[in-house]
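J.: I need the structure of the sequence given here:
(2 chains)
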2 protein chains.
Amino acid sequence: MTRDFTSNLSLRQYDFTTNSKDNVDMIKKVPTFYANQLQKLRLDKSIPTSELISKLGIVSNPRSGLVNWSKTGLLIQNKINNIIRKNLDSIGFEELNLSLLSYKTNWEKTGRWNQPEIFKLKNDDFLLVPTCEEEITAYVKQNLESYKQLPLKFYQINPKFRNEKRPRGGLLRGKEFLMKDAYSFDINKSKAMETYNSIFESYHKIFKEIGLPYVKAEADSGDIGGDLSHEWHYLNETGEDTVFTCDNCGQVSNQEKTLAYPSKEYTSGDVSVKYFITDDDSTLICAYYPSNRILEPNFLKLEMPDINLKSPFNEQELLDKFAKESEEDLSKRVVRIMDSRLNSRSNFPDFPINFVNRSMITTLTDIPIVLSEEGEICGECEEGTLQKSNAIEIGHTFYLGDKYSKALDLKIDIPVENQVETKNVLMGCFGIGISRIIAAIAEINRDEKGLRWPRSITPWEITIVETTKNPEFQSVYEDLELVDYRLDDRKDISLGKKINQSNLLGIPLVLILGKKFPIVEIEVRGKRNTKNPKWKQLDFKWEVEYDSNGNDIKHYVHKDQLNQVLNRLLLDM
Amino acid sequence: MTRDFTSNLSLRQYDFTTNSKDNVDMIKKVPTFYANQLQKLRLDKSIPTSELISKLGIVSNPRSGLVNWSKTGLLIQNKINNIIRKNLDSIGFEELNLSLLSYKTNWEKTGRWNQPEIFKLKNDDFLLVPTCEEEITAYVKQNLESYKQLPLKFYQINPKFRNEKRPRGGLLRGKEFLMKDAYSFDINKSKAMETYNSIFESYHKIFKEIGLPYVKAEADSGDIGGDLSHEWHYLNETGEDTVFTCDNCGQVSNQEKTLAYPSKEYTSGDVSVKYFITDDDSTLICAYYPSNRILEPNFLKLEMPDINLKSPFNEQELLDKFAKESEEDLSKRVVRIMDSRLNSRSNFPDFPINFVNRSMITTLTDIPIVLSEEGEICGECEEGTLQKSNAIEIGHTFYLGDKYSKALDLKIDIPVENQVETKNVLMGCFGIGISRIIAAIAEINRDEKGLRWPRSITPWEITIVETTKNPEFQSVYEDLELVDYRLDDRKDISLGKKINQSNLLGIPLVLILGKKFPIVEIEVRGKRNTKNPKWKQLDFKWEVEYDSNGNDIKHYVHKDQLNQVLNRLLLDM
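T.: Model prediction:
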């Protein structure tokens, strides 16, 4: 018999030393609390996905934001973890595991000790790690002896913690979540960019291997810091993030990074203004924008890099402030920035200060400074139209530069033209939210029949049920020995219920061994990602049943051809 | 070529989907920070093992009691984890992962919220789990629908936390440590005992597979509770626990559980006394024991089950107490318990109360009530002599009974003779300290050359170094493809240093590919656990070098016989 299974996944977690048979058998058992709460539940589309995940026994939430993972959940985790491991290992990242507790000193040095949503211990000395920039920097500092050791690249896959006030959807946003966080240390910026780009390639491979469509979006660096960052998203209407896509140049960016110009039809009405000063207090910046839009101060910074973003005043505050200033200070330079959506017909408010030297006023027009909206013109190519989508963030990459190495004094002597210079190591950090990927895929792929896992991360690829006893079935199990199946041999549960529960859990295929043996029935549940399925290319025939939409839903295959057909069916899922 | 390697361990963590080659290569790389701090260190026997573990880059301690695990450390962890998984899966335990945070309510119900050494979060609502009896009981309660689901058996391998005031030895006693904790739920006591016994067998298999001599000792249940418990120990002079072994019946128990009778030579001198009352306040218990020994109140409880152990008085307190009592209360029953080490020649103190009714006094003699000492007579067989050893606790098994199911109201309807009775589920819990095993084995197996891992948990079985370049070496790597080796191809590091570092790290074998090829040199570092090594049974000959004690230290083997020799060498390590 031909054997061409290409996947042999979760078994391996338990596959070791001399004899792994016992453990393979264990994997193939239906977990203890599998689906036992579903009997109280009438399944329909209105059940939240998080509830389905929980009732199916994949995870449970002992308390909002906290998660217990069952065996089924661990099998899904392991598949994602191994996809990540393979791809990061291949670009030279090394796995480690940092402590989940971290002492305050380094967090005070980086200014992150008093961030909101940090879980601190009762004595106020330790926190539960939300990410590990501080710890990994200290770890490298402790061990780095020469620039020749650079680049250094590490990753870990373990729990992270955030005192989330509004935990959401069981796994989607939790107080405790499983994350892959990777960190890189390079000798200079061009090397750091090489590392950043290698992570890009790796992320593309990881998300392609998982199999769901994703986007990479330019992003703001936020609390983590640094000056270059990208987010990785699944687009889905339930997502809480927003990304814009240009239908011309394909640029994708999240809302805080998307610059746009107004569409032709745009007419502006009332105009609002906010006032800022520069870091050196020399210049007053007046930002004018449509009153019905939201000013994005980071966009102002692109135009005026030394703007103090903490300084927005409204008119009254501006007057109060200037009233306190001496005569000399009133001779500030003034820059007026007009949002692109404004024109001469807009209703500008009066400038509230009369005593400014008019010759000191500069006016910049047609600068996009508000959050974009769907249908506006892409600020990148200035031609395409922006589409707006909800998105679920599943990964984030940051070039951190010296933000952490400076604060924590991680530096190294580097030879530069016969001299030695002591420089801060340049860092990057790269996250993937594993528990969130599981929640997102469950949400995106589900339908009225329940969950549907892509083959890459399904806890099992096949459920097997027997409707009768026949010693010849043994030959099927022997053929499947290395395959990722589970045998549902629970008693007191009907065949129909077993098949329903397998479909509900989202296992791609159900294999039914019954009276028609050696003909075996395969029921298809998995989602196809192609219109030209590979099973149609096999050069032998068997009976196939189709639904009214022309989708194959059942296959009746002779046991001698079973392996080949199963393999081909799975290849497209 | 014959291939009979029986072990194929850590590779599997990374071995999945279509092509695992990249990852295998990654495993085979020398970790980044491997041994790079050793150059500052002169190795001698006085270096604490914990420092060696840290300088070798297995773990590092960002702060006392906290641990960062490097890749090397993770490889060791994984091997132990997989030995545990295999054995627990095979007796029907199912893996899961409970939340590391737990809310206070259930801990208040079980009376454990205010235990010392609990890490609480700042808001005083959550703790970091030290063990998970509360959470697993709640988890089962949430899902248990019928007694038919029993028995239920779960385990997890993940971090635990304890606010340890005196962290010790890097891994030996930490604030954060890796533990396997397993929990069982049974319908009645006989079933619970079956489960308890199956865990015994499983623990024996696990510790045998790891390969170091261990003992199982009767133990006190302590804070966890329950009425039956055993500890699993490695005997070692650095251990902080104490166990006694009988040289006749083989009984092993820890100090708090060891009953003994005095040896023939024993002569007692001064006698001390402590006074207790019973729970119902009806009886005064006077415990007499040698002044130079330590009274163990739990031993009194064996004789007087209703003794109130919180009630010991000294003479003054007793007089004070009795002075406050009314005339009636003075007619308490009095039980005098004499330790076995006392006799009529001992210097008994006067009984301080004159007004007790003498007819109410009972005297029990020859009861062991003090902690035993080496050389005393075993209380179990009453024949053998007790040996005292220091020990490192690596596992603990408890039969919990209904302690947690009662407090957390986990009960189920059970049919008993046509009636239905609602009963508390009976529990057991079973721990293995994984990080502590690593620390203990490092300590026990080390010698003047450094660490020595048993083959079962070594991060790699073989280090390969090349002293010259030769394209024919490739055939060796192809033969070893599935073997757990690493290639030390670091530049700027001498052959001698590479071999030293491999020996220091405790890798069982070093394989040297050099100018003598196709003869390959194997240097032996691993510890043999037999006097009749299996390599001597092979039916072909090769050159072997011995040290002055007759131990084989080097083997010179033709490449075509390499696999067989390596395999045989490893089998005894």
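J.: would you mark the buried spots in the helix or strand where A:Asn106 lies?
T.: Assigned by DSSP states H and E, A:Asn106 belongs to helix A:104-109. Within helix A:104-109, the residues that count as buried by 16 or more other CB atoms under 10 Å in any protein chain shown are A:Lys104, A:Asn106, A:Trp107, A:Lys109. The C-beta positions use only the backbone N, C-alpha and C, and glycine is treated the same way.
J.: likewise for stretch A:458-478?
T.: Residues of stretch A:458-478 classed as buried: A:Thr458, A:Pro459, A:Trp460, A:Glu461, A:Ile462, A:Thr463, A:Ile464, A:Val465, A:Glu466, A:Phe473, A:Val476 (neighbour count, 16+ other CB under 10 Å).
J.: longest single strand anywhere in chain A?
T.: strand A:386-401 (DSSP state E).
J.: then it to CSV, C-alphas only?
T.: Included here for strand A:386-401 are C-alpha records, laid out as CSV according to Å, rounded to 0.1, in the frame of the first residue of the first chain:
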residue,chain,number,x,y,z
LEU,A,386,-9.0,53.2,1.3
GLN,A,387,-11.0,50.3,2.5
LYS,A,388,-11.6,50.0,6.3
SER,A,389,-11.7,46.6,8.0
ASN,A,390,-12.0,45.3,11.5
ALA,A,391,-9.1,43.2,12.5
ILE,A,392,-7.8,40.8,15.2
GLU,A,393,-4.2,41.5,16.0
ILE,A,394,-2.2,38.2,16.2
GLY,A,395,1.4,39.5,16.0
HIS,A,396,3.4,42.6,16.4
THR,A,397,7.0,43.3,15.4
PHE,A,398,9.0,46.2,16.8
TYR,A,399,12.4,47.7,16.0
LEU,A,400,13.3,49.0,19.4
GLY,A,401,16.7,50.6,18.7
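J.: what lines up beside that strand in the sheet?
T.: Here strand A:386-401 is paired, per DSSP bridges, with strand A:228-235 (antiparallel), strand A:241-246 (antiparallel), strand A:426-433 (antiparallel).
J.: redo these as a markdown table? Include mean neighbour count, distance to B:Asn567 and mean pLDDT.
T.: Converted to a markdown table, the strands paired with strand A:386-401 look like this (neighbours: other CB atoms under 10 Å in any protein chain shown; distance: least, CB to CB, whole Å; pLDDT from 0 to 100):
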| stretch | mean neighbour count | distance to B:Asn567 | mean pLDDT |
| --- | --- | --- | --- |
| strand A:228-235 | 23 | 45 | 93 |
| strand A:241-246 | 22 | 54 | 91 |
| strand A:426-433 | 25 | 39 | 97 |
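J.: next SSE downstream of the helix holding A:Asn106?
T.: strand A:119-120.
J.: what about the single nearest residue of the stretch 201-350 of chain A relative to chain B, which SS state?
T.: Here the residue of the stretch 201-350 of chain A nearest chain B is A:Glu209; by CB to the nearest CB that distance is 7.7 Å. Following DSSP: H, G, I helix; E, B strand; the rest coil, we place A:Glu209 in the helix state.
J.: hmm, who's touching the helix holding A:Asn106?
T.: Around helix A:104-109, the neighbours that count as contacts under CB atoms under 8 Å, 6 or more residues apart in numbering or on different chains are A:Trp113, A:Asp124, A:Asp125, A:Phe126, A:Leu127, A:Glu134, A:Glu135, A:Thr137, A:Ala138, A:Ala407, A:Leu408.
J.: just stretch A:161-172 next, same as before
T.: Here stretch A:161-172 makes contact (CB under 8 Å, 6+ apart) with A:48-51, A:53-54, A:59, A:61, A:64-65, A:67, A:100, A:116-119, A:128-130, A:173-177, A:240, A:392, A:435-436, A:438-440, A:443, B:101.
J.: center of chain A, which residue is that?
T.: With the centre of chain A defined as its mean C-alpha position, the nearest residue by CA atoms, centre = their mean is A:Ile394, 0.6 Å away.
J.: pretty sure it sits against A:His230.
T.: No. Under the criterion of CB atoms under 8 Å, A:Ile394 makes no contact with A:His230, lying 12.0 Å away.
J.: still on that earlier bit, the residue of the stretch 201-350 of chain A closest to chain B reaches A:Ile83, doesn't it?
T.: Yes. Under the contact definition of CB under 8 Å, A:Glu209 touches A:Ile83, with a separation of 5.0 Å.
J.: between the two, which has more neighbouring residues?
T.: Taking other CB atoms under 10 Å in any protein chain shown, A:Glu209 and A:Ile83 do not tie; A:Ile83 has more neighbours (23 against 18).
J.: surely that one forms part of a strand?
T.: No. A:Ile83: not assigned to a strand; according to three-state DSSP it is helix.
J.: relative to chain B, how far out is it?
T.: Computed as CB to the nearest CB, to the nearest Å, the A:Ile83 to chain B distance reads 8 Å.
J.: I'd say that residue and A:Ser456 touch.
T.: Yes. Assessed by CB under 8 Å, A:Ile83 is found in contact with A:Ser456 at 6.7 Å.
J.: shared neighbours of these two, anything?
T.: Where contact means CB under 8 Å, 6+ apart, the residues bridging A:Ile83 and A:Ser456 through contact with each are A:Glu209, A:Ile210.
J.: who does the host helix or strand of A:Leu566 touch, helix- and strand-wise?
T.: In this assignment (DSSP H and E), A:Leu566 forms part of helix A:562-571. Of the remaining helices and strands, those touching helix A:562-571 by 3 or more CB pairs under 8 Å, 6 or more residues apart in numbering or on different chains; DSSP states H and E are helix A:473-479, strand A:509-513, strand A:519-524, strand A:552-558.
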